[in-house]
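Q: Here is a sequence with its predicted model. Questions after.
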Amino acid sequence: QGGPHFNIDIGHFMVQVAEQSRDEELADAARDVLAALREVLIYGQAGTQLEQFTSYYNIYFPERSTDLYPIYFEWTPLQSWAQMLRSFFGGVSARSSGFRGVSAAPAAAPSLVPRVNITNIYPEAAVSVNLPVTVSMEVTGRNISQGAFTVDQIQPDGTAIRLLSARIVTEVVVDGVADYINQWNPGVDDSDFTWDTELPVVSDGETESFEQVTTFDSVSSISGRYRFPGQERWVEVTVIFNDDRETESVISRIEGAASAALSPIRLEAGGEFQTYRSVVTADGRVRIEPGTSFIWPEDGITYEYKAAPDATYDLGFLVEAVGGTTGFGNVQIDVNNSEADPELAGYVDNDWGFIFQRPTEDWFGVNYFPDGEFLQTSSFDNEQFIFVYPVYESDGDLLDIAEEVLGRYDLEIDGRTRDIEVDGQEALQFEFSYTNDTGDFLGRAFSIYIEDLELGLVFSAEAIDEDDLDFLYDLLVDNLTFFDVLAFREKDTGFWESDTFDSEVLRYPMPVSWGYFEEGDWYAYTPDGDEDSASRALIQELRSTRDDEAEVLAELLQDEVEDNDDYQLVGTETYYGEVNTWEMATYTYTNRDGEAISGRMYVTLRDDVPYALWFEAPTEEFDATFRQVFTVVLDGFRFIEEQ
């Protein structure tokens, strides 16, 4: 943090290793490093936003392989660290330095160029804070390191002003607590991204302006320049905000420093702070220019999120692999917030096909809790809630749906039920009550049935105060709308779909256009399901007593391919994927039609059970098919308990 772009904070890195590694030995080693860093630290100081990411010790770790200087491997005394960097960036050419002995070892799983495919969008008409836009995207690649989401406002001259830049993170709920982490599934990452059509507004108490506030690792900041009262010289600064979106600190580049070292700076009230604006030109270039001027107040500037101005916006999704290669996708949408109710925030559910509203002031966003299988939003004081509970494979009886949900929590219907109508659909209203650590709650809910999905849903308003309950329930009934989710899914242009092996032990991606059939003990996939196709991907859970991957691989080669004409084993090696380690063999042969075939076979073990992947294609097509299809299947091969 705060150092050159080719350094990282070693302590923050070790914290992430300890928290995210599945290897306990590796996690313990990372914790030992953290303990050692604490023992040698004499003095260190950081603001409240940065101290959680700072151990005050940097180590060499470039962001991209193109920034990797091979000379480092010669002069560093940290040869184990150097070897780790070789493995991490392996398979990507480092900068040539003219020094001997600096070639990097080949990687077992080198980075590939990521691909971002925008597969769907809802709604396609104008969006607002009451009707936010959800973009579905499909990201393929290996060793994805990060993703960024940008919002650019299109100008009449074809340029665009960037007003938002933030990391793409995944919501993960652990023990009932929602957290947001930088997590990418190998192979195919299929996800929905929602923009609530709000943008940051910066203020000095007098002037307000929509400006680009950048959020990275939970730290929000804005870049600009500042000049002290009565002076002409500008100072380059970055303003860092605290969790209350107030100025926490200001940092500036040390003048005359040889490196990119930064230092805190105190800005005087009455000076001029001018933001930097990112202008995206029609040909895709980004030009930085001075933006809005603010008079620096005593306590610094603040920001808050407000409804985006009515305009056309370009939503961009930039994904980067560890080697520095990137993939990009974008979509344009129209925003119309002039007629929206700013006191209500919309939630669009593309899985179950509905839209509802929640209060904006002092309320949390909507989260899905997989352990309990429900949606929840609540007031900050946890005295008001809105829940949505699903009942799958329902027969449509509304009373049964209501009792099924209440039964999960040992609750019963209080009093009589009442037939109502919600957005033109039949619904059953009922009431209930319960007591928890917060207090005595009243609940009013209704059950509804989505016939096309065979899905029952219960929408529930729950509150301690009866007036709050009335408000929340009326909000649900009056504003809830349904849409045809099956029609929405049919518009999806995704290239990949997820398939599950017959034993339901594992999951893997396959192209939507590839069909399935059984070939002996193998599950075979080919383009259009053509059983005569020479391009095929095959999967098998082996009934083998051997617990050595290399021996199982040798048996498979002998049984399946060695009898073919002109068979030649090109080589064997160990393949280290992001999730699994495989023993791999590459071979060639000539098929019955006289066509040259290339193939690769992989074997891995899980709980002493071998699993095999087998890929073949005509030799002239193999490299392209492997890169576009087979490698995605291989990297996306996941055992279900790891999902």
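A: All right, it came through fine.

Q: Show me the longest helix that occurs in this structure.
A: helix 24-40 (DSSP state H).

Q: I'd guessed Gly494 sits against Asp189; true?
A: No - using C-beta atoms under 8 Å, Gly494 makes no contact with Asp189, being 11.6 Å away. (Each C-beta comes from the backbone N, C-alpha and C, glycine too.)

Q: a strand runs through Arg416, doesn't it?
A: Yes - the assignment for Arg416 is a strand, going by DSSP: H, G, I helix; E, B strand; the rest coil.

Q: Next one: it from Ile448, what distance?
A: Between Arg416 and Ile448 the computed distance is 18 Å (C-beta to C-beta, to the nearest Å).

Q: before we move on, back to that, Gly494 and Asp189 - which one has more neighbours?
A: Asp189 (23 against 17; other C-beta atoms under 10 Å).

Q: That one and Ile144 touch, don't they?
A: Yes - using C-beta under 8 Å, Asp189 makes contact with Ile144 at a distance of 7.1 Å.

Q: quick one: average pLDDT of stretch 410-425?
A: For stretch 410-425, the mean per-residue pLDDT is 96.

Q: List the contacts of Thr590.
A: The neighbourhood of Thr590, defined by C-beta atoms under 8 Å, 6 or more residues apart in numbering, consists of Asn564, Asp565, Asp566, Ala596, Ile597.

Q: dump the residue contacts of the first one.
A: With contacts taken as C-beta under 8 Å, 6+ apart, Asn564 has the following neighbours: Tyr589, Thr590, Asn591, Ile597.

Q: which regions of the stretch 501-643 of the chain lie under the pLDDT threshold?
A: Across the stretch 501-643 of the chain, the ranges flagged by pLDDT under 70 are 502-503, 545, 641-643.

Q: Equivalent analysis for the stretch 151-300 of the chain, please.
A: Within the stretch 151-300 of the chain, the stretches with pLDDT under 70 are 171-180, 217, 254-262, 283-284.

Q: give me that answer again for 50
A: Applying pLDDT under 50 to the stretch 151-300 of the chain flags the ranges 256-259.

Q: Which parts of it are strands?
A: Along the stretch 151-300 of the chain, the segments classed as strands by DSSP state E, counting those that start in this stretch run 160-167, 170-174, 177-181, 187-195, 198-203, 208-210, 213-216, 219-227, 235-241, 247-253, 262-264, 272-280, 286-295.

Q: Among the ones you listed, which comes closest to Asn58?
A: strand 262-264 (12.2 Å; C-beta to C-beta).

Q: How about Ile597: which residues does it bridge to?
A: According to DSSP bridges, the residues that bridge with Ile597 are Tyr589, Pro618.

Q: one step back: tell me which helix or strand comes right after the longest helix of the chain.
A: Next in sequence after helix 24-40, counting helices and strands by DSSP states H and E, comes strand 58-60.

Q: circling back: quick check: of the contacts of Thr590, which lies closest to Ala550?
A: Asn564 (21.2 Å).

Q: Work out the gap between stretch 439-449 and the centre of the chain.
A: Distance, stretch centre to chain centre, for stretch 439-449: 33 Å (C-alpha atoms, centre = their mean, to the nearest Å).

Q: Show me what counts as buried in that stretch.
A: Neighbour-count burial for stretch 439-449, with 16 or more other C-beta atoms under 10 Å as criterion, is recorded at Phe441, Leu442, Gly443, Arg444, Ala445, Phe446, Ser447, Ile448, Tyr449.

Q: Please list the residues outside it that contact it.
A: 383, 385, 387, 394, 396, 398-399, 401-402, 405, 420, 422, 425-435, 455-464, 466, 469, 473, 476-477.

Q: Go again with 7 Å.
A: 394, 396, 398, 401-402, 420, 422, 425, 427-434, 456-464, 466, 469, 473 (C-beta atoms under 7 Å, 6 or more residues apart in numbering).

Q: Just to be sure, which of these are found in strands?
A: Residues of those located in strands (DSSP state E): 420, 422, 425, 427-434, 456-463.

Q: Of all the strands of the stretch 151-300 of the chain, which one is nearest Ala125?
A: Across these, Ala125 has its closest neighbour in strand 187-195 (15.0 Å, C-beta to C-beta).

Q: send the alpha carbons of the closest one over as CSV?
A: Only the C-alpha atoms of strand 187-195 are listed here, as CSV (Å, rounded to 0.1, in the frame of the first residue of the first chain):
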residue,chain,number,x,y,z
GLY,A,187,-13.0,-22.1,-16.1
VAL,A,188,-16.2,-20.2,-16.3
ASP,A,189,-17.5,-17.6,-13.9
ASP,A,190,-21.2,-17.0,-14.6
SER,A,191,-22.7,-14.2,-12.6
ASP,A,192,-25.1,-11.3,-12.4
PHE,A,193,-24.0,-7.8,-11.7
THR,A,194,-26.5,-5.1,-10.5
TRP,A,195,-26.0,-1.4,-10.7
